[in-house]
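Visitor: here is a sequence with its predicted model. Questions after.
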Amino acid sequence: VLISGSEDSDIDIDDLRRHSQVDPRGSFPSPTVLHWFWSSVRSLSPNQKRLLLKFVTACSHPPLLGFKDLSPPFTIRFVPLQEPPKKRGALDSKKNKGFFSRIFGRNPASGQLPTAATCFNMLKLPLYRSQKTLLEKLVMAIESKAGFDLQ
């Protein structure tokens, strides 16, 4: 508890935002995309906020003395959406096309989920074209319970 805070404590999104950074090595988003991200985070339930924190930092609760003590700081790296491959192979059949369309929509790139590098407290967030898509993919990623924790 002294080092990593309480599991039941609320996550102060204003504190997280104040002490977060955007990685300059990533794609530079418009201010609108950054606004979409923080607006989406604010709309998450308390449990989803803990899942987001765990997804990015491997710890579901904030530091005891606030995010100013998170090292390295919470970092967002915006990454471009991966374009679908130009060359079509066996996956382009009508049967398989329907399967992928149900998962990813018409454009496979829209199915790209956020990823994280927990050792760097870094969220790698694709540059989605709408806030709705950003929120849907963020929730899908954090609720998937995939990663190093095998619980």
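Guide: Yep, it's here.

Visitor: helix or strand next in line after the host helix or strand of residue 51, which one?
Guide: Taking DSSP states H and E as the criterion, residue 51 maps to helix 46-57. As assigned by DSSP H and E, the chain's next helix or strand after helix 46-57 is strand 75-79.

Visitor: elements contacting that following strand?
Guide: Applying 3 or more CB pairs under 8 Å, 6 or more residues apart in numbering; DSSP states H and E, one finds that strand 75-79 contacts strand 21-22, helix 31-43, strand 122-126. All C-beta atoms are positioned from the backbone trio N, CA, C, and that covers glycine.

Visitor: what's the helix holding residue 51 in contact with?
Guide: With contact meaning CB atoms under 8 Å, 6 or more residues apart in numbering, helix 46-57 is reached by 7, 10-11, 13, 41, 44, 59-62, 70, 74, 116, 118, 121-123, 138-139, 141-143, 147, 149.

Visitor: relative to strand 122-126, how tilted is it?
Guide: Interaxial angle, helix 46-57 versus strand 122-126 (axes from the mean of the first three to the mean of the last three CA atoms, to 10 degrees): 100 degrees.
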